[in-house]
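>>> The following block contains a protein sequence and its predicted model.
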Amino acid sequence: MDANYNPQHIEAKWQKRWAEEKLFEADVQPGKKKYYVLEMLPYPSGDIHMGHVRNYSLGDALARYKWMKGFNVIHPIGWDAFGLPAENAAIKHQRHPSEFTFTYIDRMRGQLQRLGFSYDWRREIASCVPEYYRWNQWMFLKMYERGSAYRKQSRVNWCPVCCTVLANEQVVNGCCWRHEDTPVVERELEQWFLKITAYSDQLLDDMKELVRWPERVLAMQQNWIGKSLGTEVDFALPSLGERIRVFTTRVDTIFGCTAVFVASEHPLVEKLIASAPSPEKLRLEVERIKASAIRTRVEVNFEKQGVDTGFKARNPYNGEEVPVWVANFVLMEYGTGAVMAVPAHDQRDFEFCTVYGLPIRTVIVPANVGTGLKPAPTEAYVEYGKLVNSGPYTGLTSEQAIERMTRDAEAKGFGKGTIQYRLKDWGISRQRYWGTPIPMVYCDACGVVPVPEKELPVVLPSNVKLTGQGQSPLAEAPEFVNTRCPKCGGPARRETDTMDTFVDSSWYFYRYTDPKIDTSPVNQEAVRYWFPVDQYIGGIEHAILHLIYMRFFTKVMRDIGLVSFSEPVARLFTQGMVLKGGSAMSKSKGNVVDPVEMCAKYGADTVRVYMLFAAPPEKDFDWSETGIEGASRFLNRVYRIIERHAATLCNINAWTSTSKEPLELSSEERRLLRKAHQTLRHVTEDMEGRWHYNTDIAMAMELVNELSELEPAIEAGKIRPAVTKSALEYLVLILSLFSPHIADELWEGLGHKEPLLRVPWPEFDRELAAEEELEIPVQVNGKLRGRIRVAVTADEEEIRRRAQAEEKVNQYLNGRQIVKVIVVPQKLVNIVVK
RNA sequence: GCGAAAGUGGCGGAAUUGGCAGACGCGCCAGACUUAGGAUCUGGUCCCGCAAGGGGUGGGGGUUCGAGUCCCCCCUUUCGCACCA
């Protein structure tokens, strides 16, 4: 061993050796228990950043632990390689996106290898190669066959910076998820959609399988799907012979309805205008409302506005005629685009009706209050309660009324119970180049025709001019666009939009199990062995993007017979962000800490230990330069301690409690072994699911502190070499999870040949970990007054006697009456006096 | 507004089941070794107090022999959703 810790040298040495020994390669071994550790795959943006390092350090510690516990561990990585940044860079520099992508992949692969993560590189995938994306196309065709992929004209979100359409999930506060300052604009376009809404209920119901997912993520998904049960009710428009259908979750309040509000884009509005006494005037007013309607969600001070159309609609429950208004807060895309206005029991209606002087009529009162509400309410009463002024339904509770009134509507044919979802189908067309071509053809004779499976992949042409202007770049590549109709053989045109790159990442983790298979997207046998993913680790930012698409894809794959389960990920962990100076690292803020630089300065082991030690993994943490110095000091200290003893210890065997010839242990030896086994116990228990790696490393530091304190005893021979070696070995085994290079180096220095990943994780010894003598605090009336030292085996009676005899305690007992003595064995004594 | 999580020294954090609050690390203070120290080692470091002692986990109340931990009310912060009818 070198006298000094040289991380650069050690890390290069062990990375080379791990690769030569194929240490991280795992293959299907029927009968052997497996463990699938998955981390979210990176986009090849140029360099690994600290968020990746955190994510992958967490996964790596777990993977290494599971290897040592005897699992067959699959731990793959790949590249989410299609996407806009490469295309934009390509436009800027007049190059091809694949150049950037593959250059960056090579660079980032090198960086991941520099960090020493335990990936099985044979399984590496990149989504931008035809061998991968052909299976996107294949699945798209399967979905098309099943009616789960369809084309429709619709109003979509367009990001003017990205020059493409976005899915609903990719719009954040009315802005593009990539450009948080860029409001999306609406465009009317013909688009391809995937019918995720067909799985709304399954996505909700199957959440009960996801017991080991963070509550938060499930709540966000539930929210996003937004299922609500309600009633649709037809209001007749007698003067037009038409009807307006409204959706409500509170049909019990309908006797308080004093108007009907419709969205400005509601199809009936045109008819109302046409039949109005002065159509032009009404049209102008409706246009004004339309212009003020909710367009994006960025508007902070949105003001409710509306216009009375002059028409009346009849409430089918009581025959009352109420005015029809066009209101700017009614959304066409939710429910039926029309609502009944019940100002007494809906806050929005209340605000609107107060402004426009529409009547407010109370029909629900709190169940435990006999009389009505106070006069002149200042806000709507929105709770459930008891019905008043509601004709035959008066006196029912809201729950009873909703049920009975819905039933009556169905019986009389003016309405029905119904379910609404907030979730919309997933629009996947993108008007950009660097993505998977959508395998469809348009033929004048045959219409929309899918590309036959055997003609896949539809390869992305390489010689396309990228200008960043206009629409889909593929439309300007005639040799791509012009093709033959697969059905009639006549001339036809290809679809020129590409797929949302979230399609690529919706099933990539299946591909890892057999990345080269060319007869199917997935090797079903391999999937049967390796799935489900035992542990998925990634950022919370994908809670309702990737993590819902991924669940959806698995259900589709199940329905087309590729997999036999409904949920791909048994357990999900969402790590916190890495900040610098309180905010996320970004180039524009100039606060980026480069992992490569840190590795050059301190070594990968130090970077990883600091990353894991600084905060529990689920919390955000702020990078600090002085903090990493501490981690570096720690590893240096470990190195020095072991290096000092390596020469004397490398040829002897470590003491174990199961040795044939048991040693009589000295008190110093007991003390050292106790600490070692306590540390091992803590880490073992933590690795089984709590993953507060920060406390594991803290425990390892305590063990090192104990070793330092006992150094004189080791020198003096009061701790024999075999015992010292035993403690050092446990330390090294534990460190191998977090700082694997130095651990292997020290392990070798202690005389071992085999890399630590192949060493079985040791069982801790309960006896050795147990304290033999305890210091027990003694309280009088709950205040700490003294301490006693007793043997672990001391019984309650002895502890009680010793506690009362303790001098400092006794002072507080003099002249008082002892009411009660509480003895918690091994923990504490509390003497209650009067 | 709705939903979720969190609030502990100068800082990051620990206390897994109600039982010694502040482990471990950073920073700081003092000392040792040193030509030197941004190396290393030793000691100290929640607050008030010379001390005995007292106070202390966002604030207030409660349950309990005992509360950072459980219950109620309030405040603050972060995140997600938000005229979704």
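Noted; the coordinates are in hand. Residues are numbered from 1 along each chain as shown, chains lettered A, B, ... in the order given.
>>> Start and end of stretch A:418-435, how far apart?
Chord length of stretch A:418-435, first to last residue, is 39 Å (C-alpha to C-alpha, to the nearest Å).
>>> Pull the number of nearby residues for residue A:700.
26 (other C-beta atoms under 10 Å). (C-beta placed from N, C-alpha, C; glycine too.)
>>> That one sits in which helix or strand?
Residue A:700 belongs to helix A:693-709 when assigned by DSSP states H and E.
>>> ditto for residue A:564
Per DSSP H and E, there is no helix or strand for residue A:564.
>>> How about residue A:646?
Counting by DSSP H and E, residue A:646 is part of helix A:625-649.
>>> So which bits of that helix are buried?
For helix A:625-649, burial by neighbour count (16 or more other C-beta atoms under 10 Å) applies to A:627-628, A:631-632, A:634-635, A:637-639, A:641-643, A:645-646, A:649.
>>> Repeat that for stretch A:586-600.
Buried positions in stretch A:586-600, judged by neighbour count with 16+ other C-beta under 10 Å: A:592, A:593, A:595, A:596, A:598, A:599.
>>> and what of stretch A:154-173?
For stretch A:154-173, by 16+ other C-beta under 10 Å, it's A:154, A:156-159, A:162-171.
>>> now do stretch A:552-565
For stretch A:552-565, by 16+ other C-beta under 10 Å, it's A:552, A:553, A:554, A:555, A:556, A:557, A:558, A:559, A:562, A:563.
>>> relative orientation of the helix holding residue A:646 and helix A:693-709 in degrees?
Angle, helix A:625-649 to helix A:693-709, by axes from the mean of the first three to the mean of the last three C-alpha atoms, to 10 degrees: 50 degrees.
>>> Can you dump the C-alpha atoms of the next helix or strand after helix A:625-649 in CSV for me?
Moving toward the C-terminus from helix A:625-649, the next helix or strand (DSSP H and E) is helix A:667-687. C-alpha atoms of helix A:667-687 as CSV (Å, rounded to 0.1, in the frame of the first residue of the first chain):
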residue,chain,number,x,y,z
SER,A,667,-12.5,-5.1,27.9
GLU,A,668,-10.8,-3.0,25.2
GLU,A,669,-11.4,-5.7,22.7
ARG,A,670,-15.0,-5.9,23.7
ARG,A,671,-15.4,-2.2,23.4
LEU,A,672,-14.0,-2.2,19.8
LEU,A,673,-16.0,-5.1,18.7
ARG,A,674,-19.1,-3.7,20.2
LYS,A,675,-18.8,-0.5,18.2
ALA,A,676,-18.0,-2.5,15.1
HIS,A,677,-21.1,-4.7,15.4
GLN,A,678,-23.3,-1.8,16.4
THR,A,679,-22.2,0.0,13.3
LEU,A,680,-22.8,-3.1,11.2
ARG,A,681,-26.2,-3.5,12.8
HIS,A,682,-27.2,0.1,12.0
VAL,A,683,-26.1,0.0,8.4
THR,A,684,-27.6,-3.4,7.8
GLU,A,685,-31.0,-2.4,9.1
ASP,A,686,-30.8,0.9,7.3
MET,A,687,-30.0,-0.7,4.0
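>>> Stretch A:576-593: end-to-end distance?
Using C-alpha to C-alpha, the two ends of stretch A:576-593 sit 16 Å apart.
>>> contacting residues around it?
Stretch A:576-593 is contacted by residues A:49-51, A:53-54, A:539, A:611, A:615, A:617-623 when judged by C-beta atoms under 8 Å, 6 or more residues apart in numbering.
>>> run the last query once more with 10 Å
A:47, A:49-55, A:539-541, A:594-595, A:607, A:611, A:614-625, A:628 (C-beta atoms under 10 Å, 6 or more residues apart in numbering).
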